[in-house]
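In: Mind folding the following:
(one chain, ligands or ions: 2)
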Amino acid sequence: MLSNYLDILPEVAEALANNQPVVALESTIISHGMPYPRNVETALQVEAAIREQGAIPATIAIIGGRLKVGLSEEQITHLGKAGLSVTKVSRRDIPFVVAAGKDGATTVAGTMILAAMAGIKVFATGGIGGVHRGAQETMDISADLQELANTDVAVVCAGAKSILDLALTREYLETQGVPVVGYQTDSLPAFYTRESEHGIDYRLDTPEQIALALKAKWAMDLHGGVVVANPIPAEHAMPLETITNAVEQALAESVEQGIVGKASTPFLLARVCELTGGNSLDSNIQLVLNNARLGAQIAKAYCA
Ligand code: PSU
Ligand code: MN
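Out: Numbers count the residues shown, from 1 in each chain. Ligands and ions are numbered 1, 2, ... in the order given. Okay, the predicted model is just below:
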């Protein structure tokens, strides 16, 4: 029985029972996506931003082998301090971390799974995983994309980082029937930049329009997720050249050092952050906050 494994924070459970808006948040971004202490500060700010919009935040992780939908400040701090020593948990990893009674930080895929178990429809984060550059050889394709194909949760993000092959990521999503919605944009945002040379599938300009499309999709049992791509606010965007240079160097180093599998994305994220002297971290934080606000607005519209 699911309840043998799953703990939903009372505030979150109550909101869900009363058709009040809830926004899911991931924990790999805390442990593996940003350095301490800014990871913890950000995670708490993101929760506060969701509350300011009138929705309830539910940060998701595995703590002591229990699936947690909604974390305390202590638990968020624990994951942030533990950093890379916490297991990064995607679909594959969930039963093993649970059976061992350990802690795990959930990726986009892992968070979507636990959000769906709890009945949460909207999830906000920074960037999704995708098809890596060179995937023609390595076959490194994030399990996030497969989860988006199957699990009924909308993921609000700032597109994907250029550590990935954005064109192949788009193709993969298209094959899997995952719509990419551009929020107030016709261009696929590339995380640190508002635009890329890639398009989106549907441009929608209001949270209400997005909520209507989500309702229609799931009412018709057209299972799977939706990517809601929300460009970074212009004042926090980064120069394309700075990011491109950092990404290329990080990618070259990851090949040299033979970094593969689940270690690849955290390695690239950390190197890009170091190489840009932390400027990218400020941008990263701002775009997550921006996505949290939009996620809350979509969740509200969905409940209305
Ligand atoms: N991209 C980011 N920041 C992140 C991640 C990706 O810009 O924190 C994290 C997310 O948790 C995402 C995971 O689900 O990395 C993808 O890892 P992989 O490529 O190993 O599937
Ligand atoms: Mn991978």
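
In: Contact partners for Thr193?
Out: When contacts are counted by C-beta atoms under 8 Å, 6 or more residues apart in numbering, Thr193 touches 232, 237-238, 240, 243. C-beta coordinates here come from the backbone N, C-alpha and C atoms, glycine included.

In: What separation do you get for it and Ile243?
Out: As judged by C-beta to C-beta, to the nearest Å, Thr193 and Ile243 stand 7 Å apart.

In: next one: phi and psi at the closest residue to ligand 1 within the stretch 151-300 of the chain?
Out: Relative to ligand 1, the nearest point of the stretch 151-300 of the chain is Thr265 (3.6 Å; C-beta to the nearest ligand atom). Phi and psi for Thr265, reported as degrees, to the nearest 10, are phi -60, psi -50.

In: Just give me the neighbour total for it.
Out: Thr265: 26 surrounding residues under other C-beta atoms under 10 Å.

In: Next up, the contacts around Leu287.
Out: With C-beta under 8 Å, 6+ apart, Leu287 has these contacts: 126, 158, 191-192, 230, 232-233, 236.

In: what's Val288 in contact with, if anything?
Out: By C-beta under 8 Å, 6+ apart, Val288 lies in contact with 29, 42, 46, 124-126, 158.

In: what do you get if the cut-off is 7 Å, keeping everything else the same?
Out: 42, 46, 125-126 (C-beta atoms under 7 Å, 6 or more residues apart in numbering).

In: what pLDDT does Glu162 get?
Out: One thing to correct before we go on: residue 162 is Ser, not Glu. At Ser162 the predicted local distance difference test score is 88.

In: ok, the spatially most central residue of the chain - contacts?
Out: By C-alpha atoms, centre = their mean, the chain has its centre lying nearest to Thr125, at 3.6 Å. For Thr125, the contact set (C-beta under 7 Å, 6+ apart) comprises 25-26, 29, 108, 155, 157, 288, 291.

In: Format these as CSV; extra columns: pLDDT, distance to ligand 1 and secondary structure.
Out: CSV is the format used below for these (pLDDT from 0 to 100; distance: C-beta to the nearest ligand atom, whole Å; DSSP: H, G, I helix; E, B strand; the rest coil):
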residue, pLDDT, distance to ligand 1, secondary structure
Leu25, 99, 11, strand
Glu26, 98, 5, coil
Ile29, 98, 4, helix
Val108, 98, 3, helix
Val155, 99, 9, strand
Cys157, 98, 8, strand
Val288, 98, 9, helix
Asn291, 98, 11, helix
